[in-house]
Each structure stands twice: as structure tokens, then as C-alpha cells.
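Trainee: Can you look at this prediction? I've put the sequence above it.
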Amino acid sequence: LDPAFVDSGREFVIMCTPDSRAMPFGFADQRMVRTSGTHEIVGNESALLSNFLSKLLRLDPDALVGHDMLGFGLDLLLARMAARRTRTWSCIGRLVQRRDLTSMVKSNSITSWFKAEAVAGRLVVDTYASAKEIRKEKDYSLAALSVSILGVKGPGDPRFLGPATNSDAVASAYEATETL
């Protein structure tokens, strides 16, 4: 990455531990060495969501980019904000909304029109949907696309993305600094 881009504050990682676990010993020192201080550690999921939304509001990007954003990512983000009763949830778009997100999620109303309203004013770039439109593949996961498009060889290649992890693997990763 371009150092000027990283220092501009446009790239960031916000972390919290699952199930109120502690960060492994020495993690703070290691992350500063590896990432030039772009990681922030917060105490819980509510703080993580609030911190993310405040950064999104400050940066005010024109586009939100993600893999399977429309099929999974945006649904999950809205559901977690509803579960944590995040009052500033409408910051993911540019339109200020006073609607209660919790009632929308409870009534199972997170439909495509609501997602479009939630991110109003921002372009959502979904690499999963784009790959389905452009390429003919059997599998559109990031791991499969990295093999077919980038020519990634497998787990030995530093560009290998690997399969999706389960919650047990994420929790066990917090046992040592090296596994995070």
C-alpha cells in the first residue's frame, strides 16, 4: 500500500475480542510493528460499531466496497446495529433517517429496498455480484476467485485468502499473538 494512503486515515482496522476475552499478551506491541498503528482495539461490539460509524461519517466515502455486501455483509451489519441498538445507524448512508432499525429487523423487513434506503447517497460495490456478471465460474468465493483470476497457488502463496472461518476458529485465534 502507498504509505501516504495509509497515513491519511482512509484505511483502518477496528477490533474487539469475542465473548469478552482479553487480547493476547504482547499483541499491542506486535500490531504497532506490523501495521504502523492502523489498528484500534475497543472493548465491545457496541463500541466497535460506534467507532466504525464515526469513521465512516468523518471519511464520508462515495462508495462502500465489499464481497457479497448485498447478499450478506449489509444484512449482517444492519442486524448487529439493531441488536446493539445503535442510534446512529443511518450514518452508513448519507440520508439522515429517524426510523427505528430494531423494529425493521424484528419485522424481518431488511429487504433490498430497505438496504438501498439505508445506504442512500453511497455507491455499493459488491465484488461477488460483479464477478457473477463478468466471469463464468463454479464458485464465486474470494478464495476461488483468487485462484482463478490472480493465479494464486494455494496456502503457501501469501495472496491466498483461504476458506471462510467458523466462530470457534476466530475465538481460538485470540489465544496467541501469532495467530491474530
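Mentor: Now that the structure is in, tell me what you want to look at.
Trainee: And the helices in the chain, which stretches?
Mentor: Counting by DSSP state H, the chain has helices at residues 3-7, 27-35, 45-59, 74-83, 101-106, 112-118, 127-134, 142-150, 167-173.
Trainee: Most tightly packed of those helices?
Mentor: Among these, helix 74-83 has the highest mean neighbour count (mean count of other C-beta atoms under 10 Å), at a mean of 18. No exception for glycine: its C-beta is placed from N, CA and C like everyone else's.
Trainee: before we move on, back to that, any chance of the helices of the chain in a markdown table with distance to Gly66 and mean pLDDT as columns?
Mentor: As requested, the helices of the chain are arranged in a markdown table below (distance: least, C-beta to C-beta, whole Å; pLDDT from 0 to 100):
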| stretch | distance to Gly66 | mean pLDDT |
| --- | --- | --- |
| helix 3-7 | 18 | 49 |
| helix 27-35 | 20 | 60 |
| helix 45-59 | 13 | 91 |
| helix 74-83 | 8 | 89 |
| helix 101-106 | 19 | 73 |
| helix 112-118 | 12 | 77 |
| helix 127-134 | 7 | 90 |
| helix 142-150 | 10 | 83 |
| helix 167-173 | 18 | 70 |
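Trainee: so which of those gets nearest Arg94?
Mentor: helix 45-59 (9.6 Å; C-beta to C-beta).
Trainee: now that closest one: how far from the chain's centre is it?
Mentor: 12 Å (C-alpha atoms, centre = their mean, to the nearest Å).
Trainee: What is that helix packed up against?
Mentor: Under the contact definition 3 or more C-beta pairs under 8 Å, 6 or more residues apart in numbering; DSSP states H and E, helix 45-59 sits against strand 13-15, helix 74-83.
Trainee: Throw the ones you listed into TSV and include distance to Arg58, thanks.
Mentor: Shown next, in TSV, are those (distance: least, C-beta to C-beta, whole Å):
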stretch	distance to Arg58
strand 13-15	13
helix 74-83	18
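Trainee: returning to that earlier point: save the helices of the chain as TSV, and put in distance to Cys91 too.
Mentor: Output for the helices of the chain, formatted as TSV (distance: least, C-beta to C-beta, whole Å):
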stretch	distance to Cys91
helix 3-7	23
helix 27-35	25
helix 45-59	4
helix 74-83	10
helix 101-106	12
helix 112-118	10
helix 127-134	23
helix 142-150	26
helix 167-173	26
